[in-house]
Each structure stands twice: as C-alpha cells, then as structure tokens.
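A.B. asks: With the sequence up front, the predicted model follows.
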Amino acid sequence: MNLEARFVDANGLSFEVFASQKQTDRLALCLHGFPEHAHSWRYQVATLEAQGYMVWAPNLRGYGRTTRPLHVGDYAIETLLEDVAQLIDASGAHEVVLLAHDWGAVIAWYFAMRHIRPLRGLVICNVPHPVPMQRELRKWSQLKNSWYVLFFQLPWLPEWLMGLRPVGELFVSTAAHPERWSHADIDVFSRNAHTFAARTAMINYYRALVRGGGARRQARLGFPKIDVPTLMIWGEDDMALTKATTFGTEQHVKDLTLHYLPGVSHWVQQDAPDAVNALLQDWLVSHCASSCPE
C-alpha cells in the first residue's frame with residue numbers, strides 16, 4: 001500500500017491513517033470492515049490516486065494503532081458517524097468520495113442517509129442497506145448466516161474463541177482467490193487482532209449496534225432515500241450475507257449502480273481487485289464529470 005502512516009486527531013481520539021503523500025482537495029476516504037485493517041484497501045490506492053484523489057485509509061476506532069476505547073458505549077453508531085465526519089474535516093477536502101466495506105459500509109450507509117457531511121459519491125462493498133437487511137433477517141436463509149451477530153452479544157467468550165486461530169487465516173479460508181493474500185498481508189490482519197483488547201474493540205461494534213440499541217435508534221429516525229450517487233459492488237460468494245439482501249436497494253437510493261461479481265467472496269475488493277478497480281474507475285469518471293482529471 002503506497003501510503004504513509006500518520007496520526008490524525010478526530011472526535012477525541014488519535015486515528016492511525018494511511019494517507020497519500022500528495023495533497024489535493026479531493027478525498028477518497030476508505031473505511032474497512034471486521035475484522036480487518038486499513039490494509040484491506042491496498043489494491044485500490046493506485047486507481048483512486050490516478051483519478052486525482054488523495055486517499056485516506058484510517059484504522060477505525062479500536063483497530064490498529066488508533067485509540068482503543070474500552071466500553072461498548074464508545075462504539076455507538078452515532079459516535080462512529082462523528083468519527084468519519086471529523087476525519088473529513090481534518091483532511092481539509094472540499095470533495096469527498098466515501099468507500100466502505102463490511103462494518104465500514106454499515107457506517108457509510110447511515111452517514112450518507114443522515115447527511116452528516118456532503119458527499120460526492122458513495123461506494124459500498126458487500127454490506128446491504130439497512131432496510132433490505134432487516135427484511136431478509138426475517139427469513140431463515142439470512143438469519144442462520146447471521147448467527148455470529150447474536151453470539152457476539154455475549155461477554156468475553158467471543159473474544160476468547162476468536163483468539164484460538166490467527167485472524168489472517170479467516171481471509172484465506174473464506175476467499176475465492178486466497179492467492180491475493182500474501183504471507184505479509186495475512187500477518188497484518190493477524191497482528192491487528194492479536195490481543196484480547198483488540199478483539200473486544202472489534203466485537204463491540206456489534207454489541208453497541210444490537211445490545212446497545214444503535215440499530216433501534218436509527219430505525220426510529222427512519223430511512224430517507226439516499227441522494228448521493230452510489231456504486232454497490234457485491235461478491236456473490238459471500239459466506240455471511242445472501243444476495244437477496246441487495247434486492248430492493250434501488251428503492252432506497254436515488255442513483256444506484258449495482259454490480260454483482262460471481263465467484264467472488266465477501267472480501268470483494270481484495271478477492272477481485274482488477275474487476276473492482278475497473279468498475280470503480282468507470283464509475284468515478286461517469287459520476288464526477290466536471291472535476292475529473294483530464
């Protein structure tokens with residue numbers, strides 16, 4: 001990943017941010033998922049920079065060398081939204097494309113829906129919009145795949161079990177193209193989840209959303225239609241989320257471009273970087289006409 005690590009103060013924390021050396025006022029902010037690391041965006045950096053974007057890939061709160069709060073309440077969805085807002089403010093950018101995968105995409109859906117900060121575009125990888133997700137959770141096909149979310153509500157046991165094997169092995173064992181993960185890549189993810197405290201931080205995202213009531217609070221606010229142009233890229237061989245969770249997304253997004261990638265896993269931007277980067281480049285060109293580089 002051709003980015004340099006720096007530390008950015010935002011929302012009372014110190015965020016480890018992997019950032020482009022070249023500064024511009026066009027920001028591509030890349031949010032990773034569970035149990036990942038900013039390194040998960042390594043294959044997209046060159047494509048984004050070629051389109052004239054300054055790339056920031058932060059480790060979210062509790063991950064990497066970002067400050068690791070201790071309590072479930074520290075991971076409330078409203079707090080996570082403010083993290084992203086203040087990172088954008090700290091960047092000084094005037095145009096922002098938000099790219100997000102897995103838990104980062106949970107945050108990104110709500111961020112765009114609530115108009116926390118203006119966005120030029122939204123890119124979502126393998127996490128459904130909350131409304132289709134809630135619909136599919138009423139069906140056994142998705143409910144059985146989401147067992148781990150309920151399991152994560154328990155204290156300490158999920159952290160202990162998660163520590164029985166290196167986390168990096170999860171990516172290799174569930175990927176369609178495990179060769180995309182080098183030994184060095186696997187080591188980054190494994191070291192990132194090596195301590196009990198690190199695993200607690202990761203799991204607290206789920207606890208705060210479910211046990212902490214974050215999902216209920218957001219539901220009470222309603223789900224206004226997202227007016228940000230949105231690219232959704234979906235690996236069809238997702239071990240946790242059914243393809244059906246994407247059906248009906250167009251009812252909740254004014255300008256949606258949805259691409260399915262057969263034979264690709266949940267870790268879509270790492271598993272099929274060439275396909276993802278081609279889709280990303282074409283979409284960026286077509287949705288930023290006045291300010292795209294020549």
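C.D. replies: That came in fine, so what should we check first?
A.B. asks: Tell me where the stretch 151-294 of the chain has strands.
C.D. replies: 230-237, 256-265 (DSSP state E, counting those that start in this stretch).
A.B. asks: Note down every partner strand of the last one and its orientation.
C.D. replies: For strand 256-265, the paired strands and their directions (DSSP bridges) read strand 230-237 (parallel).
A.B. asks: Show me how far the strand it pairs with is from its chain's centre.
C.D. replies: Chain-centre distance of strand 230-237: 12 Å, with C-alpha atoms, centre = their mean, to the nearest Å.
A.B. asks: again with stretch 144-154
C.D. replies: 19 Å.
A.B. asks: end-to-end on it?
C.D. replies: 17 Å (C-alpha to C-alpha, to the nearest Å).
A.B. asks: what about it, average pLDDT?
C.D. replies: For stretch 144-154, mean pLDDT rounds to 97.
A.B. asks: who's in contact with that stretch?
C.D. replies: When contacts are defined by C-beta atoms under 8 Å, 6 or more residues apart in numbering, stretch 144-154 is touched by residues Leu137, Pro158, Ile203, Tyr206, Arg207, Val210, Arg211, Met239, Ala240, Leu241, Thr242. Placement of C-beta: from N, CA and C, glycine included.
A.B. asks: And those residues, which is closest to Gly263?
C.D. replies: Met239 (13.3 Å; C-beta to C-beta).
A.B. asks: any idea how far Asp271 is from the residue nearest to the closest one when sequence neighbours are not counted?
C.D. replies: Distances taken as C-beta to C-beta, 6 or more residues apart in numbering put Thr174 closest to Met239, at 5.1 Å, once the chain neighbours are dropped. Thr174 sits 9 Å away from Asp271, going by C-beta to C-beta, to the nearest Å.
A.B. asks: Show me the common contact partners of these two, please.
C.D. replies: Common neighbours of Thr174 and Asp271 (C-beta under 8 Å, 6+ apart) are Ser265.
A.B. asks: who's more crowded, the two?
C.D. replies: Asp271 (26 against 16; other C-beta atoms under 10 Å).
A.B. asks: And that one, what's its pLDDT?
C.D. replies: Reported pLDDT for Asp271: 98.
A.B. asks: quick one, what contacts it?
C.D. replies: Ala175, Ala176, His177, Arg180, Gly235, Val264, Ser265.
A.B. asks: give me that answer again for 6 Å
C.D. replies: Ala175, Ala176, His177, Arg180, Val264, Ser265 (C-beta atoms under 6 Å, 6 or more residues apart in numbering).
A.B. asks: Can you report how many residues lie near the closest residue to the second one other than its chain neighbours?
C.D. replies: Counting by C-beta to C-beta, 6+ apart, the nearest residue to Ala176 once its immediate chain neighbours are dropped is Ser265, at 4.6 Å. Ser265 has 23 neighbouring residues, counting by other C-beta under 10 Å.
A.B. asks: any chance you could map the helices in the stretch 101-250 of the chain?
C.D. replies: According to DSSP state H, counting those that start in this stretch, the stretch 101-250 of the chain carries its helices in the segments 103-113, 130-136, 140-143, 147-151, 157-162, 168-174, 183-192, 196-209, 214-221.
A.B. asks: most neighbours per residue, which of those helices?
C.D. replies: helix 103-113 (a mean of 25; mean count of other C-beta atoms under 10 Å).
A.B. asks: Give the other helices and strands that that one contacts.
C.D. replies: Where contact means 3 or more C-beta pairs under 6 Å, 6 or more residues apart in numbering; DSSP states H and E, helix 103-113 is packed against helix 77-91.
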